[in-house]
Structure formats: structure tokens, C-alpha cells
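> A predicted structure for the sequence below; I have some questions about it.
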Protein chains: 2
Amino acid sequence: MKVPERLIQILRSEKHFTIASHINPEGDAIGSAIALALVLKRLDKDVSVYIRDGVPEIYKFLPHCDIVEDTLDVGSLQKRVLIIVDCNEPKRIGFEGELKCKTSIVIDHHETRKDYGDIRWIEPACAATGLMIYYLIKELRVVITPDIATNLYVAIAVDTGTFRYENTTSEVFRTVADLVDKGASPGWIAINLYESWSTKRFNLLREMLNTLEIHNSGPLKVAITVITEDMFKKTGTDASDTEDFSNVPRILKEVDVSVLFRQDGPNKWKASMRSKGDVNVATVAKEFGGGGHRNAAGFITEGDLEKIKAEVIDKIKRLGNN
Amino acid sequence: MKVPERLIQILRSEKHFTIASHINPEGDAIGSAIALALVLKRLDKDVSVYIRDGVPEIYKFLPHCDIVEDTLDVGSLQKRVLIIVDCNEPKRIGFEGELKCKTSIVIDHHETRKDYGDIRWIEPACAATGLMIYYLIKELRVVITPDIATNLYVAIAVDTGTFRYENTTSEVFRTVADLVDKGASPGWIAINLYESWSTKRFNLLREMLNTLEIHNSGPLKVAITVITEDMFKKTGTDASDTEDFSNVPRILKEVDVSVLFRQDGPNKWKASMRSKGDVNVATVAKEFGGGGHRNAAGFITEGDLEKIKAEVIDKIKRLGNN
């Protein structure tokens, strides 16, 4: 991984920077943005960080997360260097019009056909933007403080499923080893990321798991779970507590597709589908007027739940292998 | 970490070895035993591996797991070197009488006051026995094959909660980085460890979650769950299906300690305790004649479950902060 020389030059020579990342931010977006900001501050720069949707509750443990602002002073941007991290176009940071800045820089690991940015540093083979920021810091020869280490560790951990996804390379492990030496605490971070559920959310999961059915859909096995409005009421939860729930039945070896139906009105259902490997649920979602990606798609429909289940199972049989 | 010189000498000079590990084996026990066996085979030794309860279904993906036998030829042991890994006394490998062998070796990372073993290599500060085997292999200067790397990776991953527990040091990360370079695949291993549940195991978890109670124990919150013999019967499962179950209630933010009681006879209970941060459950386990580490300990006891629960909660209040 080669950090562009011009990027280093600009970071050294310029004074005013705005770092921005994408809407609906997750760990890599937030951790990378904060870490880079802390590094530039150590170089005595004037830095602001913009993320339109702010820092979600579960990432509020990140050191210096209060540096993140959810408003952007577009006017002042003309005199500042804009650094977009973990995405590569103004639209992804939630900006629709023309964005005028002194210089624009993109630092990202997502594949792209866009051409935004005076300097574009894109590494699609890299597991996380946080990893790129780590290499950038090494080039800049800035000391990695415990706060920088923690932000980078979280960035890398979240984008590798805490070292469970295919993108977990030996380079990832060597980088986080160094970050641990610099003060990141794997146990404390994991507790904040994975062991901070509210009891009511846990109770809702329990209710959902008790509805699990496994259906044959041709050669495929479909796990169906349901969350009703009664369950929300009983547990004191709402839709925001169900994030990632549709993934849970994936832990079953035999399951190819997980479908979670969440009630959103007397006869209205929001379906979230998750599939493993090559199984395509985007095609199935389209049939119901929804959309998404091959392994994660969804739709909203109305009617009798048992009939809808039967239709979904039938469509997965016909379209899941497309 | 210093590998005892005499251990290296004996591994080099002797010819016949039996490696044994504990009953109810998990990843560190099995992975360490298999990896050490593969290493000794590369040194042209005659090696057998004994684990009384065999290899649980979820670990059947481990390369060369068929080397593990569930019977022990006690007679022939007199002419063999016995290496006990991931535990430190014959009782833990499921052997009650006197065990006669040519030489006995213990390689373990559990705290202990036992004195079994002609050579005792105990490293309580070490995250996993697999890590010790890794250093041993380095001393022996044996090539780490992909199969050895995979077994060691799983051993270390399981005992660190796949790098989520407090015991995840930079040394752990540097070791697994090397194991990845030697052929271990983090993504493939994670799918095998975490997305390959049998439906019956999932059903057992569901039963367990439905027993969850949260108790106040002084300033600490204790989650108590129970698995009865009736649940095993109802779901067609056994004790080997419960690995890691005691960790699940830890996802609750308010929970400081999780205690899972698993029935093992009409009035007999095996308690697995897991704690967060500084809370010490090893001291609690000791009071009941058990043992373990600060954050993961257990014991076996007999009696009325409700009374035992009350005692445990009381002892956690008194000893959890020691």
C-alpha cells in the first residue's frame, strides 16, 4: 500500500481541513474520521469533522467523538481542504449540490467508478479505511496516541466483523497488534461494540427466536422469524431495536436464507431477507416491489402473514438461485 | 514465555507419546492437542491423542481431528510419555485411578495448585494453551503447516472469544498474524465456528434464554440461566452443544456476571461463570471447590438449585470485587 506523496505534502503544507464521511455511518467511517482529525490536530492544523447523521448511540464510546458535527458550513469550505473518508463522492456524505473547496481528497477502500477528488487514494483490496489511515499516520510520522489507536482499532474491527470476515488478513492482525501496543483495548472495545444491549432489546430477540420456523424451499432452507407489534409493546421496544436481528438465524448451518417479518400496522409487514453465499434475495425482493443486494434485501407488503410466508418461500425456490 | 528446556529434550529424545486433554473439550483443548500431535508426527514420533468425550460436532472441521480417540489404553501408557494439555491433572482428562506412564508432562494456562506432572509448564498469564504450543513449535523449529496453523488458530480464537476478551494481547494478534501467513483462514474458521449451528443446538439456546433471570448482587448484576436434563431430552442435545452458551447473557449492558447452571444428574449442577472487566469469578468458583480464571470460572455442586443460586449471588457480592 503506497500513500500518495501529494497527499502527504498537502496534509503537511495546508492549514485548514474538513473531514467528512458517509450518511448512516458505522465504525470505519467514524473511527477513521476521528483518528485522522486527531492526527491533523497533532500537526497543529485547524480541523473539523462532518457526518450528516452524527454519531449513533453505540459509537458514543469512541474517544473524541464529540468532534463530529452534523452541520456543514458550505461557505467556509472554499478556503479549506475537504477530505472524504470511507466513501468517494459528495452525494454519499449527504450533499446534493456542487461542493466548492480549496482541494478535495478522497481516502476510501470501496470499489468505485466515480472520479471525484483532486487526490484520490482508493485501495479496494484493503479491509478498512482505518487501515489506510494507519499507514498514512506512519508516513506522517505522527505518534499514535491511545485515543487514535482506539478509533483506528474500532474502524478495522467493525469492517472485518471483528476479524471474522474473509478480508481479515495477516496485515490486519499485525496492524491491530500495534494498535493494542499503542493503547487500544480489545476487551473494552468488544464490550462496547457487542455487550451493550439493553435488556428490553434482548427480550425482543428472545420473542423473535421463539417464532423461528425452518421451511424447505426447493433445495434451499429458509428460516422465518416474526416480530409483531404486540412484541414491541410487551418488551417496550421499537423498530430501532431490531437492527441486525435478521442476521441471527444465519448462525444455523442448514439455513440458506433468513427472512424476518416485522409488523408495521395491522396487516402490514416489513420483510428483511439475508442469504448466504450465492443465494440471491434481491430478485425475490423485486417481485414484492422491494430491493437490495444479492445477500441482503427487503420489501414492504400487506396481507395475511401465513399467505405472505408461503409466497416468499415459493419465490425463493424459483428465484433464489438466479 | 520460556519453554522448559527439559520439555524440549524429552520431546526430542522420546519416541512414544500420548497427548490427552480434558473432558467436555473445547477449541483450545482439541486444537492444542491435534497441533501438538501433528508436530510430533513431523518429528517422526509415535503419537496418540486421547480425549474422553471425543471431538464435538462443531469441531469436526478441524484438520486431522480423526486422530482423536475416546479410549485410552492404560496398560500401554507405562511405556509412553503422557502429555496433558489445557488441564493439569488426570482427573480432568476423566481418569480417576492411578495413571502410570513413563513420564508425565503438563502444558496448561489454567491457574492451579495441583502438583501433577514430572514436567509442569503452566503459564496462567497466557491467553490459550494454543499460544504455548505455538511457542513450543518455534523452539522445536518444526515447520508450521496449514493444518497445524488452523488448529492453533482455532485454539487461540476460542479462548479469546475470537479476540474479544480482555486476554487478547498484542502477542495474541502477532501470533495469529503468523498463523494466517502459514495457512489459517480467519473467514472460513469463523463460518465453521459461528455459522454452523445445528438446529437442535439453536433450540437448546432458545430454551436456555427463556430461563434468564437478572439478579442484583450488591452493586453487581448477575444473569442466571439454566439448562436442565429435560431440555437436553426435548431438543435432542447434550452437554457438548452448550459451548459458549454461558457467554450469551454477557451481551446485556447491565450484566456484570453470567452464570449458567447445567444439570448433570438429578440434583447435580455444573456452573459456568463469565464476568466482565475486573469482576473476579475465580474467587467465587474456589469457594465451591472449582476453579478457572478471573473472567471465566466454574464449579460442580449438588443440591437444590434455588438455594445454590442464592449462595452464588451472595458469594459474587462478597468476592466478585476481590
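Right, received. Where do you want to start? Numbers count the residues shown, from 1 in each chain, chains lettered A, B, ... in the order given.
> give me the sheet partners of the lowest-mean-pLDDT helix or strand in chain A and which way each runs.
Within chain A, confidence by mean pLDDT, DSSP states H and E is lowest for strand A:291-292 among all helices and strands, at a mean of 81. Paired neighbours of strand A:291-292 in the sheet (DSSP bridges): strand A:296-302 (antiparallel).
> give me the buried positions along whichever helix or strand comes after the partner strand.
Counting by DSSP states H and E, the element after strand A:296-302 in chain order, helix or strand, is helix A:305-319. In terms of neighbour count (16 or more other C-beta atoms under 10 Å in any protein chain shown), helix A:305-319 has its buried residues at A:Ile308, A:Lys309, A:Val312, A:Ile313, A:Lys315, A:Ile316, A:Lys317, A:Leu319. For every residue, glycine as well, the C-beta is placed using N, CA and C.
> residues in contact with the second one?
Read that as A:Lys309. Under the criterion of C-beta atoms under 8 Å, 6 or more residues apart in numbering or on different chains, the neighbours of A:Lys309 are A:His215, A:Ile224, A:Val259, A:Phe261.
> okay, now A:Glu122: neighbour count?
Quick fix: residue A:122 is Ile, not Glu. Residue neighbour count, defined by other C-beta atoms under 10 Å in any protein chain shown, stands at 16 for A:Ile122.
> wait, it sits on A:Arg113?
No: between A:Ile122 and A:Arg113 there is no contact under C-beta atoms under 8 Å: 10.7 Å.
> what about the helices in chain A?
Remark: helices assigned in chain A by DSSP state H are A:5-13, A:27-42, A:129-140, A:146-159, A:170-181, A:186-194, A:199-209, A:229-235, A:282-287, A:305-319.
> point me to the residue of the stretch 201-322 of chain A nearest chain B.
A:Lys253 (4.1 Å; C-beta to the nearest C-beta).
> could I get the buried residues of helix A:305-319 as JSON lines with pLDDT?
Formatted as JSON lines, these follow (pLDDT from 0 to 100):
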{"residue": "A:Ile308", "pLDDT": "97"}
{"residue": "A:Lys309", "pLDDT": "97"}
{"residue": "A:Val312", "pLDDT": "97"}
{"residue": "A:Ile313", "pLDDT": "96"}
{"residue": "A:Lys315", "pLDDT": "95"}
{"residue": "A:Ile316", "pLDDT": "96"}
{"residue": "A:Lys317", "pLDDT": "93"}
{"residue": "A:Leu319", "pLDDT": "87"}
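> residue contacts, A:Ser21?
A:Ser21 neighbours (C-beta under 8 Å, 6+ apart): A:Ala29, A:Ile30, A:Ser32, A:Ala33, A:Tyr50, A:Ile51, A:Ile84, A:Val85, A:Asp86, A:Cys87, A:Ile93.
> got a list of what the first one touches?
Think A:Ala29. Counted by C-beta under 8 Å, 6+ apart, A:Ala29 has contacts A:Ser21, A:His22, A:Ile51, A:Val85, A:Asp86, A:Cys87, A:Thr129, A:Ala155.
> what about those residues, which are in strands?
Here DSSP state E is the test, and those give A:Val85 as lying in strands.
> A:Ser198: which of the contacts of A:Ala29 is nearest?
A:Ile51 (24.0 Å; C-beta to C-beta).
> so the closest one touches A:Ser32, yeah?
No: counting by C-beta under 8 Å, A:Ile51 stays clear of A:Ser32, with 10.8 Å between them.
> between the two, who's got more neighbours?
Each of A:Ile51 and A:Ser32 has its neighbours counted (other C-beta under 10 Å); A:Ser32 has more, 33 against 27.
> about what we covered before: to B:Arg12, which of the helices of chain A lies closest?
Comparing those under C-beta to C-beta, the one sitting nearest is helix A:170-181, at 29.8 Å.
> just checking, what packs against that closest one?
Packing partners of helix A:170-181 (3 or more C-beta pairs under 8 Å, 6 or more residues apart in numbering or on different chains; DSSP states H and E): helix A:129-140, helix A:146-159, helix B:170-181.
> the helices of chain A into TSV, with extra columns for distance to A:Pro63?
As requested, the helices of chain A are exported to TSV (distance: least, C-beta to C-beta, whole Å):
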stretch	distance to A:Pro63
helix A:5-13	21
helix A:27-42	8
helix A:129-140	14
helix A:146-159	4
helix A:170-181	13
helix A:186-194	11
helix A:199-209	25
helix A:229-235	33
helix A:282-287	38
helix A:305-319	44
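> which one of these lies closest to B:Val106?
For B:Val106, the closest of those is helix A:186-194, at 27.4 Å, according to C-beta to C-beta.
> tell me which parts of the stretch 101-250 of chain A are close to chain B?
Within the stretch 101-250 of chain A, the positions lying close to chain B (C-beta under 8 Å from any C-beta of the partner chain) are A:161-171, A:173-174, A:176-178, A:180-181, A:185-188, A:190-191, A:194-199, A:202, A:206, A:209-210, A:212, A:214, A:250.
> buried subset of these as a ChimeraX selection?
A single ChimeraX command is used to select the members of those judged buried by 16+ other C-beta under 10 Å:
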select /A:161,162,163,164,167,168,169,170,171,173,174,176,177,178,180,185,186,187,190,191,195,197,199,202,209,212,250
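> re the thing from before, now the buried members of the contacts of A:Ala29.
Members of the contacts of A:Ala29 classed as buried by 16+ other C-beta under 10 Å are A:Ser21, A:His22, A:Ile51, A:Val85, A:Asp86, A:Cys87, A:Thr129, A:Ala155.
> before we move on, the earlier item: how much space is there between the closest residue to the residue of the stretch 201-322 of chain A closest to chain B other than its chain neighbours and B:Ala33?
Once flanking residues are discounted, A:Lys253 sits nearest to B:Ser196: 4.1 Å by C-beta to C-beta, 6 or more residues apart in numbering or on different chains. Using C-beta to C-beta, to the nearest Å, B:Ser196 is found at 21 Å from B:Ala33.
> and if you look at A:Thr145?
Shown here: A:Thr145 relative to B:Ala33, a distance of 42 Å by C-beta to C-beta.
> quick one, which of these two is more surrounded?
B:Ala33 (33 against 17).
> what sits against the more buried one?
B:Ile19, B:Ala20, B:Ser21, B:Pro25, B:Val49, B:Ile51, B:Val68, B:Val85, B:Asp86.
> quick one: contacts for A:Ile227?
A:Leu204, A:Glu207, A:Met208, A:Thr211, A:Thr242, A:Phe245, A:Leu260, A:Phe261, A:Arg262, A:Gln263.
> first-to-last residue distance for stretch A:59-79?
Stretch A:59-79 has an end-to-end distance of 30 Å (C-alpha to C-alpha, to the nearest Å).
> could you give the mean pLDDT of that stretch?
The average of the pLDDT scores along stretch A:59-79 is 95.
> in that stretch, what's buried?
Per 16+ other C-beta under 10 Å, stretch A:59-79 contains these buried residues: A:Tyr59, A:Phe61, A:Leu62, A:Pro63, A:His64, A:Cys65, A:Ile67, A:Val68, A:Leu72, A:Leu77.
> isn't the last one up against A:Phe17?
No: between A:Leu77 and A:Phe17 no contact is recorded; they are 10.5 Å apart, counting by C-beta under 8 Å.
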